[in-house]
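[1] here are the coordinates; sequence isn't available:
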């Protein structure tokens, strides 16, 4: 019982990480949409669109159990130019795939600790993704 009182519940950790990583991406010049729905129906935790039209996806992992049961993150690789895991500094980073990007964050900011490979989207997919991004952003602003 004491252990549960000392560690914040997973939704609070996820919210804090999302806030810090969101701020990092905005500072880097990205427009960001949380819970971005891909064509496949999967939802990326954070999707960013750069001024150059490049896409970044950040998959946030709040704890080891969250990562251990995740079988979907590799599905995101076909929909971004760069992919990152976003975790807290207490997360066991050595279990994450070293070939992917890594962002360490808290509720106030994030820090890129590892760059993943750059993947170039095809022109057709980039156009489709840009339209999807614009439409999702617009619908979220609708009353």
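    Received, thanks. Treat the numbers as computed from the prediction; the structure is a model and nothing was measured.
[2] Mind telling me what element the nearest residue to residue 19 once chain neighbours are set aside is part of?
    In space, and not counting its chain neighbours, residue 19 is closest to residue 107: 5.0 Å by CB to CB, 6 or more residues apart in numbering. All C-beta spots, glycine's among them, are computed from the backbone N, C-alpha and C. Assigned by DSSP states H and E, residue 107 belongs to no helix or strand.
[3] The spatially most central residue of the chain bridge partners, please.
    Nearest to the mean C-alpha position of the chain, by CA atoms, centre = their mean, lies residue 58 at 1.7 Å. Beta-bridge pairing of residue 58 under DSSP bridges involves residue 46, residue 84.
[4] now it: how far from residue 32?
    The gap separating residue 58 from residue 32 is 9 Å, by CB to CB, to the nearest Å.
[5] Overlap of the contact sets of those two?
    Common neighbours of residue 58 and residue 32, using CB atoms under 8 Å, 6 or more residues apart in numbering, are 25, 46, 48.
[6] close enough to count as contact, the first one and residue 49?
    No: between residue 25 and residue 49 no contact is recorded; they are 9.6 Å apart, counting by CB atoms under 8 Å.
[7] Common neighbours of those two, please.
    Residues touching both residue 25 and residue 49 (CB under 8 Å, 6+ apart) are residue 32.
[8] Distance check, the residue lying closest to residue 13 once chain neighbours are set aside against residue 17.
    In space, and not counting its chain neighbours, residue 13 is closest to residue 62: 4.1 Å by CB to CB, 6+ apart. The gap separating residue 62 from residue 17 is 7 Å, by CB to CB.
[9] Name the spans of the chain whose pLDDT lies under the cut-off.
    Scanning the chain for pLDDT under 70 picks out 1-9.
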